[in-house]
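Asker: Below are the sequence and a predicted model for it; my questions follow.
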Amino acid sequence: MADFFQTRMGQKFYEADVPRIAKALERIADALEAQNRSAPSVCPHCKEQPATHKLDPFSGQAVCEPCHKALREEWDSRRPR
Ligand SMILES: [Zn+2]
């Protein structure tokens, strides 16, 4: 019995499908990189301070240090104890 790569289906898979998938992945990666480059560098919460790697627990957006602290406290206060 022929191995998969020797079949007509296998040939199409390796010669057409795999390159198409690889190309699609590259396009996704390029799009994600472009999106990250255009991400706002200013905190979306106060629109004043530069955003840091700290995330707003409500929206998941990168916010500045003071906003993060305030949002964090609000988040904690809303949690049931
Ligand atoms: Zn802020």
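Answerer: Alright, I've got the coordinates. Numbering: from 1, shown residues only.

Asker: Please report the distance of the most centrally placed residue in the chain from residue 43.
Answerer: What sits nearest the mean C-alpha location of the chain, by CA atoms, centre = their mean, is residue 32, with 6.7 Å. To residue 43, residue 32 is 22 Å away according to CB to CB, to the nearest Å. Backbone N, C-alpha and C define where each C-beta goes, glycine included.

Asker: next one: residue 15
Answerer: For residue 15 relative to residue 43 (CB to CB), the value is 50 Å.

Asker: So for the two, which sits in the more crowded spot?
Answerer: Applying other CB atoms under 10 Å to residue 15 and residue 43 shows that residue 43 carries more neighbours, namely 22 against 11.

Asker: from memory the more buried one sits against residue 70, does it?
Answerer: No - taking CB atoms under 8 Å as the definition, residue 43 is not a contact partner of residue 70, at 11.2 Å.

Asker: Averaged pLDDT, the helix ranked longest in the chain. What do you get?
Answerer: Longest helix in the chain, counting residues (DSSP state H): helix 18-37. The predicted model gives helix 18-37 an average pLDDT of 91.

Asker: Any idea how many residues pack against residue 21?
Answerer: By other CB under 10 Å, 11 other residues sit near residue 21.

Asker: now do residue 55
Answerer: 15.

Asker: Contact partners for it?
Answerer: By CB atoms under 8 Å, 6 or more residues apart in numbering, the residues touching residue 55 are 61-63, 68.

Asker: Export those residues as a markdown table, with columns for secondary structure.
Answerer: Listed next are the contacts of residue 55 as a markdown table, based on DSSP: H, G, I helix; E, B strand; the rest coil:
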| residue | secondary structure |
| --- | --- |
| 61 | coil |
| 62 | strand |
| 63 | coil |
| 68 | helix |
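
Asker: Just the buried residues of those residues.
Answerer: 61-63, 68 (16 or more other CB atoms under 10 Å).

Asker: Specify which member of those is nearest to residue 51.
Answerer: Residue 51 has its nearest neighbour among the buried ones among the contacts of residue 55 in residue 62, at 4.3 Å by CB to CB.

Asker: and the closest one, what does it touch?
Answerer: 39, 43-44, 51-56.

Asker: Quick one, which of those residues has the minimum pLDDT?
Answerer: Where pLDDT dips furthest among the contacts of residue 62: residue 39, at 66.
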